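S.K.: need a structure here:
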Amino acid sequence: MDKDLKPVIVVHGGAGNVAPERSKPVMEGIQVAATIGFKILRNGGTALDSVMEAVMSLENNGAFNAGYGSSLNIEKKVEMDASIMDGRTLQAGAVALIKDVKNPVCLARMVMEKTDHVFIAGEGAEKLATMFNLERANPVTELRLRYYESQKRALLAGQYELPRLFQLVKTYPELLEESDTVGAVALDKEGNVAAATSTGGFPLKLPGRIGDTPLIGCGNYADNEVGACSATGVGETAIRLVLAKTICTYIESGKTPEEAVQQAIRLVNRRISTEYHSMGAIALDIHGRIGAAHNSPNLCWAYLTPDTAKPVASVTARIVKESS
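M.R.: Okay, the predicted model is just below:
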């Protein structure tokens, strides 16, 4: 472990397409989230608090597919997922199928710290939110309602075949003109890492569908001996490859975070044969080095360190199209 660790935070607002008219609110949102998380680190706070507050900011924003602004499923309802992991203890908490908890990532942390479990979904998770007096809020925005209506029209026009969602995306690429999933990874002054991820899920998903976000090792992972990762994109792809843990394993084997995320995206391109396998990931290691890569048109992300006067933000990272 480095003697003079400098705190680092990296956040993402999702992989997909970011339409030009949406780039400004998305960029502003990830910069605000990075600033909030880094302030905690700079003041001696923990990586765990940092990633939770950063993701809460993104959940509250409305420009992202998480919390307020989540996508609607086929029944025009919201089902949100979230997880959080402490690299110091390997403790983790996750929730799924959340309807109206304002900040699902907070509920995930409650599962981690107040129960003996890692993952609680549906009615049981909602009951916990009531027990812990977590704030409730309607997560549906006008933007998501407009998206839903256009997506439903495509379905009724016979352009949608479940479960082959990529056929709809191929025919109507505008469905991807939104950010998918939010997340953050951080390293604090004590050398602890943490990761948090939150999502509203894929538009028009089947009720009860759970993606990678709340699955530890798939959409989220943190380990003080290695680093931390948060993934975004098609959840089924990340689940099949246990993508977040795979990236951490690459780092453990000696790769830098940048090399690790790029290798992981090449793995996605090589092993997942479905036409729609859009993925992205951010990662950092215990030395404070960072990485971000994707095979989608965009990945909105930002990072902040003591060496940067303000968040460094972009709607793209390293785009990886090759498979080897």
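
S.K.: Residue 102 reaches residue 133, doesn't it?
M.R.: No: Residue 102 is beyond contact range of residue 133, at 11.7 Å (criterion: C-beta atoms under 8 Å). From N, CA and C alone the C-beta is placed, and that goes for glycine too.

S.K.: out of those two, which sits in the more crowded spot?
M.R.: residue 102 (19 against 7; other C-beta atoms under 10 Å).

S.K.: Need the three-state assignment for residue 221.
M.R.: Of the three states, residue 221 takes strand under DSSP: H, G, I helix; E, B strand; the rest coil.

S.K.: Tell me what it is bridged to.
M.R.: Note on residue 221: beta-bridge partners residue 229, judged by DSSP bridges.

S.K.: residues in contact with it?
M.R.: 85, 195, 228, 229, 244, 245, 247, 248 (C-beta atoms under 8 Å, 6 or more residues apart in numbering).

S.K.: could these go into a markdown table alongside distance to residue 302, pLDDT and neighbour count?
M.R.: Shown next, in a markdown table, are those (distance: C-beta to C-beta, whole Å; pLDDT from 0 to 100; neighbours: other C-beta atoms under 10 Å):
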| residue | distance to residue 302 | pLDDT | neighbour count |
| --- | --- | --- | --- |
| 85 | 21 | 98 | 33 |
| 195 | 16 | 98 | 35 |
| 228 | 16 | 98 | 35 |
| 229 | 16 | 98 | 36 |
| 244 | 19 | 98 | 32 |
| 245 | 24 | 98 | 20 |
| 247 | 19 | 98 | 32 |
| 248 | 21 | 98 | 28 |
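
S.K.: Residue 80 bridge partners, please.
M.R.: residue 98.

S.K.: That one contacts residue 199, correct?
M.R.: Yes: if you go by C-beta under 8 Å, residue 80 and residue 199 touch, sitting 6.8 Å apart.

S.K.: For those two, list the residues in contact with both.
M.R.: 66, 70.

S.K.: Looking at the contacts of residue 221, which are in strands?
M.R.: Among the contacts of residue 221, the ones falling in strands (DSSP state E) are 85, 195, 228, 229.

S.K.: in terms of contact, does the third one touch residue 193 like I think?
M.R.: Yes: look at residue 228 against residue 193 with C-beta under 8 Å: they come within range, at 4.2 Å.

S.K.: overlap in contacts of the two?
M.R.: Shared contacts of residue 228 and residue 193, defined by C-beta under 8 Å, 6+ apart, comprise 47, 87, 185, 186, 187, 222, 284.

S.K.: returning to that earlier point: tabulate the contacts of residue 221 in JSON lines, adding columns for distance to residue 153.
M.R.: JSON lines is the format used below for these (distance: C-beta to C-beta, whole Å):
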{"residue": "85", "distance to residue 153": "39"}
{"residue": "195", "distance to residue 153": "37"}
{"residue": "228", "distance to residue 153": "40"}
{"residue": "229", "distance to residue 153": "37"}
{"residue": "244", "distance to residue 153": "35"}
{"residue": "245", "distance to residue 153": "39"}
{"residue": "247", "distance to residue 153": "38"}
{"residue": "248", "distance to residue 153": "41"}
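
S.K.: nearest to residue 215, of the residues you listed?
M.R.: residue 244 (8.8 Å; C-beta to C-beta).

S.K.: measure that closest one to residue 13 for me?
M.R.: Distance of residue 244 to residue 13, computed by C-beta to C-beta, to the nearest Å: 17 Å.

S.K.: same deal with residue 181?
M.R.: Relative to residue 13, residue 181 is positioned 8 Å away (C-beta to C-beta).

S.K.: same question, residue 112
M.R.: For residue 112, the distance to residue 13 equals 23 Å [C-beta to C-beta].

S.K.: Now that we're looking at residue 161, what pLDDT does it have?
M.R.: Note on residue 161: pLDDT of 41.

S.K.: count of neighbours near the closest residue to residue 100 other than its chain neighbours?
M.R.: Nearest residue to residue 100, sequence neighbours excluded (C-beta to C-beta, 6 or more residues apart in numbering): residue 136, at 4.9 Å. Look at residue 136: counted by other C-beta under 10 Å, it has 13 neighbours.

S.K.: cool, and the one 10 residues further on?
M.R.: Burial of residue 146, expressed as a neighbour count using other C-beta under 10 Å, amounts to 10.

S.K.: Report the secondary structure state of it.
M.R.: Classification of residue 146 by three-state DSSP places it in helix.
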